[in-house]
Structures are given as C-alpha cells and as structure tokens.
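*Asks:* build me a model from this:
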Amino acid sequence: MKRDDRRQQILDALVRDGAVQLDELAETFGVSKMTIHRDFDDLEGEGLLRRTRGGATIEPGSQFESDFRFRNLQGHDLKERMARAALEWVEQGMTVMVNDGSTAAVLGSLLPEKRPLTVITNNDAVMEQLKSEPGITVLALGGRYSAKYNAWVGRVTEETLAALRADIAFISTPAAGDGHVYHMDDDITRTKRRMMDAASRSVLLINHLRFDHTALHVLAPFSEFSAVITDAQPSESARAQIESVETELVIAE
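*Replies:* Below you'll find the predicted structure:
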C-alpha cells in the first residue's frame, strides 16, 4: 500500500473511532511500528492528530483541537439538536454573531428560518451557506484564513469586530471546567472574546463530553453567558458551576 493511501486510512479510522493504536495499525497494514511512527509524526506536523501513549487521537487536548474537516464529519445529529436549541434564542430582525466551529456551521444553516437577519461571522462554512440566502445580510469578517478552523482570524478580524455590535453571539468551545470556558488557540480565543464584547448577550454551545476539561487559554467565566447549550446532562460539578452564576443550562435532548 502506498504511503498516502495508508495515511488516508489512518485518518478515516480517526474520524470513525476518534483514536487509533499503533500496534493494531502496524498489524493491519503489514508494516513496521517505525513506519506508523513516521506516519504519526507527519500527520501530527500537519495538525491532523495528537499523539498519545501507544497511539493517536483527534480528541482535543489542552493545546490541540482537531481539524475542522474532521469535526464537520462527526456527531451531526447532536450538533443539530444544539443548533435547534440555539435557534430558539434568535428573533427576526436580529443581528447575530456566529463564531468558528462545526456546531456553529450547523446553526448557520438553520438561520434562514428566522429571516430577516444580519449575520456577522468569521466561519467560512457559514459564509458559504448564507451568502446567497434572501433576507440574510452577511457581514463576513476578513483577516487571515485558518484552514485548521476553516475560519478567519487575526488582527484584521479583531479590529473589524471592535467596530460592530450585535444582539447575540453564539460561541462554541472544546473545553470548559472550573467555572470557565477555554480554547487551545490564541487567535481563536481572541476572536471569540471580541465577539462576546460586541454582543448584548452570548450563548455557549458545548458538547457535554467537553465539560470538566481545560485548555491553554481562558476565554470567559460561565457567568458571562446568558445560557449554556449542550447535548446531554453534564457532570454534577459542571451543572453546579453553571447554576451557581445563574446562567441558564439548556439540554438539547
């Protein structure tokens, strides 16, 4: 098997299972463990996986988030449930901010149901979905394109946000714990923060498995969100942290 074909099968297995084991891959492909190590090294260098003891994963770590292309293929049903719950916070005529992320992209596809709207976003998938929709005015945030996040970030993005105001911002995150929301990328964190600062209220979207985790950069405490929307019941500690600051917890079941 050619190297590129083998690496694509490794990526396919990561999308399907979330993690792979080095020994199993070496046996499956009939190659040495050192060959799989080299595959892991190259894919990690491209930001496509995170090395673990004896294997690799695309699950987030304190300094790693998987590529948007992977996240966009995972858990569509639960993302749609959260997006539907988020849509309940949107009223016709609003100006809505939507950040990067695959769950946010699903929300973007539903926003025409609430037209007319003005949508401010750095999420390239949302821009593509909405740019031709009648009744939707799209303000596309420019800046530096990040293929990993399929989003626009950086100084230009942040300066543009400083000159805008919105009724509501929908913010997604891969990690929340100890009463705070986190992200592993500095550029992404700053853009989310600017969106929150520019909106009258913010709503957090988070997979319930991402609670009780931290990442490198602190975004905001739970108290800065009007609501936290998740797909299933979080842990008791996470629920207590949210309820203690009187933020609404919404379970999109």
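
*Asks:* now the helices for this structure?
*Replies:* 3-17, 22-29, 33-45, 68-71, 76-87, 102-110, 124-130, 155-162, 186-198, 236-244 (DSSP state H).

*Asks:* want to throw these into CSV with mean neighbour count?
*Replies:* Yep, even glycine has a C-beta here, placed from its N, CA and C like the rest. CSV is the format used below for these (neighbours: other Cβ atoms under 10 Å):
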stretch, mean neighbour count
helix 3-17, 15
helix 22-29, 16
helix 33-45, 15
helix 68-71, 18
helix 76-87, 19
helix 102-110, 23
helix 124-130, 21
helix 155-162, 17
helix 186-198, 21
helix 236-244, 16
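
*Asks:* by mean pLDDT, show me the worst of the ones you listed.
*Replies:* Mean pLDDT is lowest for helix 68-71 out of the helices of the chain, coming in at a mean of 58.

*Asks:* for the residue nearest to residue 179 when sequence neighbours are not counted, give its distance to residue 249.
*Replies:* Spatial nearest neighbour of residue 179, excluding adjacent residues (Cβ to Cβ, 6 or more residues apart in numbering): residue 241 at 4.6 Å. From residue 241 over to residue 249 the distance is 10 Å, taken as Cβ to Cβ, to the nearest Å.

*Asks:* same question for residue 51.
*Replies:* As judged by Cβ to Cβ, residue 51 and residue 249 stand 35 Å apart.

*Asks:* likewise residue 94?
*Replies:* 23 Å.

*Asks:* on that earlier part again, quick one: closest of the helices of the chain to residue 218.
*Replies:* Evaluated over these, closeness to residue 218 peaks at helix 186-198, with 7.9 Å, by Cβ to Cβ.

*Asks:* which other helices and strands contact that closest one?
*Replies:* strand 144-146, strand 151-153, helix 155-162, strand 166-172, strand 217-221 (3 or more Cβ pairs under 8 Å, 6 or more residues apart in numbering; DSSP states H and E).

*Asks:* now the ones you listed in a markdown table, with distance to residue 114?
*Replies:* Shown next, in a markdown table, are the helices and strands packed on helix 186-198 (distance: least, Cβ to Cβ, whole Å):
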| stretch | distance to residue 114 |
| --- | --- |
| strand 144-146 | 28 |
| strand 151-153 | 22 |
| helix 155-162 | 22 |
| strand 166-172 | 11 |
| strand 217-221 | 25 |
